[in-house]
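Undergrad: Coordinates for the following, if possible.
(one chain, ligands or ions: 1)
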Amino acid sequence: MTLTLQHDQVLSDKPRILLMGLQRSGKSSIQRVVFGKMPPNDTLYLESTTKIQKEDITRSFIDFQIWDFPGQVDFFDELAYDPQDIFGTVGALIFVIDAQDDYNDALHRLFTTVTSAYAVNPSITFEVLIHKVDGLSDDYKIDTQRDVQQRMGDALADAQMEYIHLTYYLTSIYDNSIYEAFSKIIQKLIRELPTLENLLNVLCSNSGIDKAYLFDTLTKIYIATDSSPVDMQSYELCSDMIDVCIDVECIYGAQGSSPNDLSLAQTPDHMGGDALDGQQTPISLDNHENQLHPDSDSLERRLIDHQNQEQNTHSSDSEASSLIKLDNGDVLYMREVNRLLVLICLLRQDNFEKHGLIDYNFQCFKEAVTEVFEFSRKRNTQQ
Ligand SMILES: Nc1nc2c(ncn2[C@@H]2O[C@H](COP(=O)(O)OP(=O)(O)OP(=O)(O)O)[C@@H](O)[C@H]2O)c(=O)[nH]1
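TA: Down below sits the predicted model:
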C-alpha cells in the first residue's frame, strides 16, 4: 500500500474498486481490515465516512484504487456528482449489505446503483457482499443469500435488465470469508491471471502438488490458484499459515536480519527441522480477533518498507520457506517468491519425499513469475 489519499486529487487511470452501500453496513471496516491490517475489533471505533476516501493499492500484481463511499449520500440523487467521473474507469463495484439489519432499503439502493452504473459503464463487474454474517446461523445465511438473490433477480427481470450479472458472497471481517471474497473479486482485475494459473497448473502437475495458491503476503489475498477446485478448508489452512509464519518471525526474528527486516525466513522448519513434525498445525480457523498481532503496526510499516525496497530493486534473494506436516499425512509447504508474494502448496507426504524436484520446479516457477511481473510492469509504465 503506497499512499492514503483523503482528498479529491485526480488519480491515474488505474482500475477502480468502489465500495458502496448504506451507512454502517461495514465498508470502511472491510477496507481497513483487508488492506490496512486493522484488527477486526478495532473497527467498532471507526467513525462514519463523510466524503469519498481514495486509496492507491500498488503491490505486485495488485494495482488499483479503492474508493470508500459515505453511506449517507445517494450519489444518484446528488446533481453535484457526475456519474461518468465516478463509474467511467471502474473495474468492480462492491455493494455491501448488512445482513444483521433489515435490508429492504439496501436492496432498493443496490438496484438503483447497479442499473445507473451499468448505463454509464457496462464493463463494470458487480459484486454484492452480504456482510456481517458472523452473527447468523448457517441455515439463516443460506436463506438470506437466496432471498437477496431472488429479490434482485426479480427486480432486474421486471426492469428487463436481467443481463446485468451480480455475484454474491457471504462475508464477515471476523473470519477468512472476507479475504476469500476479495481474492475472487481482485482476480477478475488481474490481467496476468490466465498466465499465472497456467504456471501453477504446470508446477502442480510436475511436482505432485494437490493444490497451490499464490498469495499477496500482506493482505492474504490469493491472486491465483491452479485449476483444481478451491475448497474453503484448504484456503483457510494456507491463509492461516501466513499468519503463523509472520507471528513466529515476529517472536523469534528472522535469521541474519536487522531489527527492521521482515521476511518469512526462519519459520518452523528453519528452527530445528521438525518442530511441528507429526503434529496438527497449531492453527485456529476462526480466530481473527484472537490472533497474535505482535506489534502489528510496525509489522505493517516494515512490510511496506520492504515493498518499497522491492520495487526499487525488483529482486529478492530470499529463500524463505516453511513446512507444516498435518495429522492426516498432508504437508503444507510455503516458499517466498519475493517479499510480496508467497506460494503455498498442499500435497501428500509421499510426494514431498521428492522435494529436490519440487524445489527445482519452484525455482523455474519463481523465475517465470518474475518475468511475467517485469513484463506487465513495463507494459503499465509504457501505457
Ligand atoms: N458483526 C460484524 N460487525 C461488523 C462487520 N464489519 C463491520 N462491522 C461493524 O459495523 C459497524 C459499521 O462499520 P463501518 O465500517 O463504519 O461502516 P460503513 O459502511 O463504512 O459506514 P459509513 O462510513 O457510515 O458509510 C462497525 O461497528 C463495525 O465494527 C462484520 O463483518 N461483522
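Undergrad: Find the nearest non-adjacent residue to the residue in the chain positioned nearest to the ligand, please.
TA: Residue nearest to the ligand within the chain: Gly71 (2.8 Å; C-beta to the nearest ligand atom). Yep, even glycine has a C-beta here, placed from its N, CA and C like the rest. Spatial nearest neighbour of Gly71, chain neighbours left out: Gln23 (3.3 Å); criterion: C-beta to C-beta, 6 or more residues apart in numbering.
Undergrad: Does the residue of the chain closest to the ligand touch Gly26 like I think?
TA: No: counting by C-beta atoms under 8 Å, Gly71 does not reach Gly26; the two are 9.6 Å apart.
Undergrad: higher neighbour count, the two?
TA: Higher neighbour count among Gly71 and Gly26: Gly26, with 26 against 22, using other C-beta atoms under 10 Å.
Undergrad: For the nearest residue to that one once chain neighbours are set aside, which residues are in contact?
TA: Among residues not flanking Gly26 along the chain, His131 sits closest, at 4.8 Å (C-beta to C-beta, 6+ apart). When contacts are counted by C-beta atoms under 8 Å, 6 or more residues apart in numbering, His131 touches 21, 25-26, 30, 96-99, 171-172.
Undergrad: got a pLDDT number for the residue nearest the centre of the chain?
TA: Closest to where the C-alpha atoms of the chain average out (C-alpha atoms, centre = their mean) is Ile221, at 2.6 Å. If you check Ile221, the pLDDT there is 89.
Undergrad: what's it sitting at in phi/psi?
TA: phi -90, psi 130 (degrees, to the nearest 10).
Undergrad: Where does Gln150 fall, secondary structure wise?
TA: helix 138-158 (DSSP states H and E).
Undergrad: ok, the residue nearest to Gly71 - how many residues close by?
TA: Neighbour tally, Gln23, other C-beta under 10 Å: 12.
Undergrad: Also Asp147?
TA: Neighbour count for Asp147, taken as other C-beta under 10 Å: 13.
Undergrad: Let's have the contacts of His131 in a markdown table, adding pLDDT and secondary structure.
TA: Formatted as a markdown table, these follow (pLDDT from 0 to 100; DSSP: H, G, I helix; E, B strand; the rest coil):
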| residue | pLDDT | secondary structure |
| --- | --- | --- |
| Gly21 | 93 | strand |
| Ser25 | 93 | coil |
| Gly26 | 94 | coil |
| Ile30 | 95 | helix |
| Val96 | 96 | strand |
| Ile97 | 96 | strand |
| Asp98 | 95 | strand |
| Ala99 | 93 | coil |
| Thr171 | 96 | strand |
| Ser172 | 96 | coil |
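Undergrad: The residue of the chain closest to the ligand: what secondary structure?
TA: coil (DSSP: H, G, I helix; E, B strand; the rest coil).
Undergrad: Could you number the chain from 8 rather than 1 from now on?
TA: With the count now opening at 8, the last piece we talked about shows up as Gly78.
Undergrad: What does the pLDDT read for it?
TA: 79.
Undergrad: rewinding a little: briefly note if the helix holding Gln157 comes near the ligand.
TA: No: counting by C-beta under 6 Å from any ligand atom, the ligand has no neighbours in helix 145-165; the shortest distance is 12.3 Å.
Undergrad: Check which helix or strand Tyr242 maps to.
TA: Using DSSP H and E, Tyr242 maps to helix 239-259.
Undergrad: I'd like the average pLDDT over that helix.
TA: Mean predicted confidence for helix 239-259 is 83.
Undergrad: Of all the residues in that helix, which ones are buried?
TA: For helix 239-259, a neighbour-count test (16 or more other C-beta atoms under 10 Å) marks 241-257 as buried.
Undergrad: which secondary structure elements does it contact?
TA: helix 184-194, strand 216-223, strand 228-232, strand 328-332, strand 337-343, strand 348-355 (3 or more C-beta pairs under 8 Å, 6 or more residues apart in numbering; DSSP states H and E).
Undergrad: Nearest to Gln91, out of the ones you listed?
TA: The closest of the helices and strands packed on helix 239-259 to Gln91 is helix 184-194. By C-beta to C-beta, the value is 23.1 Å.
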